[in-house]
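>>> here is my input, please return the structure:
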Amino acid sequence: MYTFRNNTPRATKRAEGTAKRLRLLLCCSLALLGGLLVNARAQQGPTTPSKTYSVGDKIPAFSVQMSNGLTLTDADLKGKVSILVFFNTGCPDCRRELPHLQKMSERFPDVTFICISRAETEESIKSFWAAKQLTLPYSAQPDRQLYDAFGAKGLPKLYLVNKDHVICCTYSDRLSKRVLVRQIKKLLYEQ
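Purely as a prediction, here's the structure:
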């Protein structure tokens, strides 16, 4: 059996040169890929909010297209007690809590209830609303932009907002209905 060995200085230098070129090519490729990723990320905009809104903060400015065709802005809520709920119909907690919010909206007609989806289509929301016989107004948001603007974490995420646009309380996961009712009454009847 014949084994080829080429351990000459010339072959060794050639192998070293090839290895250097491959390392250089790999480094350049990684740098290019990194630059492309940074550029793509910059074009998407920030994925994390610059501020997390919580109790005592004013709500951020926003404008959404509602299920009834009207456009709703934060200015439309001035002078009204409001509940903004971020949801997704694929979320088990949201599926459980939305019917309770429907009942609460019927109990408190002077409170403006606004349901805003996180990364969900109009079609999937419509079918869930029909199946659960919900009449709450909603805004189908195909992305996370408004959710991120509020600095929301988790679903469902509820913001109870007073007449001056100040967040009075927030809820995630299981909503304490008794506490929420008490907070709503306090805001509705305060002078």
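
>>> can you tell me the SS state at L160?
Recorded secondary structure, L160: strand (DSSP: H, G, I helix; E, B strand; the rest coil).

>>> please apply the same query to the one 10 residues further on.
Three-state secondary structure (criterion: three-state DSSP) places T170 in strand.

>>> burial of the nearest residue to it once chain neighbours are set aside, as a residue count?
Nearest in space to T170, with sequence neighbours left out and distances taken as C-beta to C-beta, 6 or more residues apart in numbering, is Y159 at 5.5 Å. Every C-beta, even on glycine, is put in place using the N, C-alpha and C of the backbone. If you count neighbours by other C-beta atoms under 10 Å, Y159 ends up with 22.

>>> tell me the contacts of Y159?
Applying C-beta atoms under 8 Å, 6 or more residues apart in numbering to Y159 gives the contacts 53, 59, 83-85, 150, 167, 169-170.

>>> run the last query once more with 10 Å
53-55, 57, 59, 82-86, 114, 150, 152, 167-171 (C-beta atoms under 10 Å, 6 or more residues apart in numbering).

>>> wait, isn't S54 in contact with T170?
Yes: S54 is within contact range of T170, at 6.3 Å (criterion: C-beta atoms under 10 Å).

>>> neighbour count winner among those two?
Looking at S54 and T170 with other C-beta under 10 Å, you find the greater number of neighbours at T170, namely 18 against 11.

>>> show me what contacts that one?
Counting by C-beta under 10 Å, 6+ apart, T170 makes contact with 53-55, 57, 84, 150, 152-153, 157-161.

>>> nearest residue to K51 other than its sequence neighbours?
In space, K51 comes closest to G151 once its chain neighbours are excluded; the distance is 5.7 Å by C-beta to C-beta, 6+ apart.

>>> and the one you found, how many neighbours does it have?
Other residues near G151 come to 16 when the count uses other C-beta under 10 Å.

>>> ok, now S117?
Neighbourhood size, S117 [other C-beta under 10 Å]: 26.

>>> now do the contacts for it.
Under the criterion of C-beta under 10 Å, 6+ apart, the contact list for S117 reads 64, 85-89, 94, 124-125, 128, 138-143, 146-147, 155.

>>> what of L187?
Listed by C-beta under 10 Å, 6+ apart, the contact partners of L187 are 80-82, 108, 110-111, 160-163, 166, 168-169.

>>> tabulate those residues (TSV), appending neighbour count, distance to K13 and pLDDT.
Supplementary listing: these in TSV, determined by neighbours: other C-beta atoms under 10 Å; distance: C-beta to C-beta, whole Å; pLDDT from 0 to 100:
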residue	neighbour count	distance to K13	pLDDT
K80	15	80	96
V81	22	80	97
S82	22	75	98
F108	18	83	97
D110	9	86	96
V111	17	81	97
L160	23	75	96
V161	25	73	97
N162	20	78	96
K163	14	81	95
V166	14	74	97
C168	16	75	94
C169	19	73	91
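
>>> I appreciate the help and will end here.
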